[in-house]
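Enquirer: This is a predicted model, with the sequence first.
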Amino acid sequence: MSPLDRALPGDPDEPDTASAPAAGRPDACPTADLDIDLTSHEMLRRAHVLDALGDDWDPVAALRDEETAYRLLYSGLDAEQRRVYDELVAAGVLPREGGGHAAA
């Protein structure tokens with residue numbers, strides 16, 4: 001038998017003895033079930049976020065300001081920019097809101 005005729009490690013026809021546990025020896029890679037409940041951590045994170053926002057934070061005003069900024073972002077477009085904007089809206093990349101014109 002030549003050296004080329006011998007099976008190489010990892011050969012599909014050769015049993016994988018490296019990963020099999022030895023007789024009488026416990027598995028080298030035992031597994032364990034692990035359950036972690038992150039509910040309390042998530043509630044603490046949310047409390048910290050609300051503390052950071054402060055008592056005077058108004059979510060309705062923040063949303064209104066975002067909508068105003070969006071309208072201003074797409075206002076004053078020239079013809080080519082308007083064409084690209086409309087293509088992006090038609091493709092679903094940008095939402096239709098704002099209409100491309102700033103509020104008066």
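Expert: Arrived safely.
Enquirer: Next one, pLDDT for H41 please.
Expert: You'll see H41 listed with a pLDDT of 93.
Enquirer: again with the one 5 residues further on
Expert: Residue-level confidence at R46 comes out at 94, pLDDT.
Enquirer: Now L63: which helix or strand?
Expert: When elements are defined using DSSP states H and E, L63 is found to belong to helix 59-73.
Enquirer: Okay, buried residues for that helix please.
Expert: R71 (16 or more other CB atoms under 10 Å). Yep, even glycine has a C-beta here, placed from its N, CA and C like the rest.
Enquirer: List the buried residues of the next helix or strand along the chain from it.
Expert: Heading C-terminal from helix 59-73, the first helix or strand you meet, by DSSP H and E, is helix 79-90. Residues of helix 79-90 classed as buried under the neighbour-count rule (16+ other CB under 10 Å) are 85, 89.
Enquirer: Any chance you could give me helix 79-90 in CSV, C-alpha atoms only?
Expert: The C-alpha coordinates for helix 79-90 follow below in CSV (Å, rounded to 0.1, in the frame of the first residue of the first chain):
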residue,chain,number,x,y,z
ALA,A,79,-37.0,69.3,-12.2
GLU,A,80,-34.3,66.6,-12.2
GLN,A,81,-34.3,66.2,-8.5
ARG,A,82,-38.2,66.0,-8.6
ARG,A,83,-38.0,63.3,-11.2
VAL,A,84,-35.5,61.3,-9.1
TYR,A,85,-37.6,61.8,-6.0
ASP,A,86,-40.8,60.6,-7.8
GLU,A,87,-38.9,57.5,-9.0
LEU,A,88,-37.7,56.7,-5.5
VAL,A,89,-41.3,57.1,-4.2
ALA,A,90,-42.7,54.9,-7.0
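Enquirer: residues in contact with it?
Expert: Helix 79-90 is contacted from outside by 74, 77, 94-96, 100, using CB atoms under 8 Å, 6 or more residues apart in numbering.
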